[in-house]
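[1] Sequence first, then the predicted structure:
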Amino acid sequence: MIIVLVHVDDCTIVATALPLINDFKANLVNYVEITDLGKLHWLLGIEIRHEREHHVIFLSQQSYLDSIIARYGFQDLKPVSIPMDLNVHLSSAQSPSTTQDFAAMCPTMKLSVP
């Protein structure tokens, strides 16, 4: 089986066996000029890595994520495991237990009373 992916002037060929790809390219060159860029590494901004011996394909959009982070100036931010103050201890006893308590908290939480 051969699968041919076409996007504008780029063509990606995948097949169940390498000789199928070679035969397809040999026939295709009779009709159009082609440039063989070798093994697939990128497709539509997605990085593609494969390990034939383990039969595994890895897809990554890390470069896209890096460009978004750079666009909004977040490249110097430090990672945080949790976005809240770790010294604040909350318990269920602090949550409203009556309708009146809930109504009193609504303005703080920007909620409406049901």
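    Sure, I can see it. Residues are numbered from 1 along each chain as shown.
[2] what about I13, which SS state?
    strand (DSSP: H, G, I helix; E, B strand; the rest coil).
[3] Surely L65 is in a helix?
    Yes. Per three-state DSSP, L65 lies within a helix segment.
[4] mind showing which ranges of the protein have poor pLDDT?
    In the prediction, the chain carries residues with pLDDT under 70 at positions 109-114.
[5] one more time with 50, if that's ok
    For the chain, no stretch has pLDDT under 50.
[6] those strands in it, which residues are they?
    Along the chain, counting by DSSP state E, strands occupy 2-7, 10-15, 42-43, 46-51, 56-60.
[7] starting at the chain centroid, how far to the fourth one?
    In this view, strand 46-51 has its centroid 13 Å away from the chain centroid, taken as CA atoms, centre = their mean, to the nearest Å.
[8] Each with direction, which strands does it pair with?
    Strands that pair with strand 46-51, judged by DSSP bridges, come out as strand 42-43 (antiparallel), strand 56-60 (antiparallel).
[9] which of those strands sits most buried?
    Of all the strands paired with strand 46-51, strand 42-43 carries the top mean neighbour count, a mean of 12, counting by mean count of other CB atoms under 10 Å. C-beta here means a position set from N, CA and C on the backbone, and glycine is covered the same way.
[10] what's the distance between I2 and L20?
    For I2, the distance to L20 (CB to CB, to the nearest Å) stands at 5 Å.
[11] What of H89?
    63 Å.
[12] Which one's more surrounded, the two?
    For the pair H89 and L20, the greater number of neighbours falls to L20 (14 against 7), based on other CB atoms under 10 Å.
[13] Which residues are in contact with the more buried one?
    Neighbouring residues of L20 by CB atoms under 8 Å, 6 or more residues apart in numbering: M1, I2.
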